[in-house]
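**Q** pasting the sequence and the predicted coordinates here, then a few questions.
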Amino acid sequence: MTPCPNSYFARDTLEVAHDLVGALLVREDPAGNREPLVGRIVETEAYTQDDPAFHGWNLYDEETDTVRSEGRGADLFTAPGLGYVYLCYGVHWLLNVVTEPEGTGGAVLIRAVEPQSGIDRMRSRRGDRRERDLTNGPGKLTEAFDIDEAFHQTSLTESPLFFVADALPDSETIVTSSRIGISKAVERPWRFFVEGNRFVSPATPSAQKA
DNA sequence: ACGAGGATGCTCT
DNA sequence: GAGCATCCTCGTG
């Protein structure tokens, strides 16, 4: 269980978003008394600094190669491997990990995981429902994993919350589609997910080969 | 299965 | 005051 290091995230955002599909998301109990919560990531989305759907859109000035440090989106230009966690629709926390070298904007949204360990505790947090409904959406998995603003701008390369790289089995294929729930740059195929996996979020635009 | 509508709070204009 | 990187419940087929 070696966490993905900062260098893993200091890469092209599309590559990181692709490679995180199949990786594990691990949430350890700080006290160490209980087994960790573990989910295998089956769906991600990429957001980049030249992307109108990006929260830090237009903070980067190409002419002067500088970044305006105003507002929420500025945290997307911080060091790779940090958390970017924000409240969506006033209701749900969404988990992103910052990508690209510091000073370049980028993040990967974790949209769905397949529970692997700690399922009983996920269900106790989420309510008694089908296993696939515990974590098949970006707001659902943060509730199942007890992730909120406390992880904003904290390191996601060490306990208690980190990623572990893992390859997909031969039986599974990564495909892409347009991203979910955005109104700008909707044509960019920057959603990555495991084809046919039942833990992928319900909204599923037509897929293309990754 | 599928669609409509409401909850709820932060950010930016 | 509008617009969200969403989810849940409750209708109707």
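**A** Sure thing, it's come through. All values reported here derive from a predicted model rather than from experimental measurement.
**Q** how many other residues sit next to residue A:153?
**A** Neighbours of residue A:153 under the rule other Cβ atoms under 10 Å: 13. All C-beta spots, glycine's among them, are computed from the backbone N, C-alpha and C.
**Q** distance check, it against residue A:113.
**A** 22 Å (Cβ to Cβ, to the nearest Å).
**Q** same question for residue A:175.
**A** 17 Å.
**Q** all strands of chain A, in order?
**A** A:24-27, A:37-48, A:60-61, A:66-67, A:83-88, A:92-98, A:106-117, A:157-158, A:161-164, A:174-177, A:191-194, A:208-209 (DSSP state E).
**Q** neighbours around the residue of chain A found nearest DNA strand C, how many?
**A** Relative to DNA strand C, the nearest point of chain A is residue A:181 (1.9 Å; Cβ to the nearest atom of the strand). Look at residue A:181: counted by other Cβ under 10 Å, it has 13 neighbours.
**Q** and for residue A:184?
**A** Look at residue A:184: counted by other Cβ under 10 Å, it has 12 neighbours.
**Q** next one: the one 10 residues further on
**A** Neighbour count for residue A:194, taken as other Cβ under 10 Å: 22.
**Q** quick one: contacts for it?
**A** A:21, A:22, A:42, A:43, A:168, A:172, A:173, A:174, A:175, A:200 (Cβ atoms under 8 Å, 6 or more residues apart in numbering).
**Q** is it true that residue A:78 touches residue A:102?
**A** Yes. Between residue A:78 and residue A:102 there is a contact under Cβ atoms under 8 Å: 6.3 Å.
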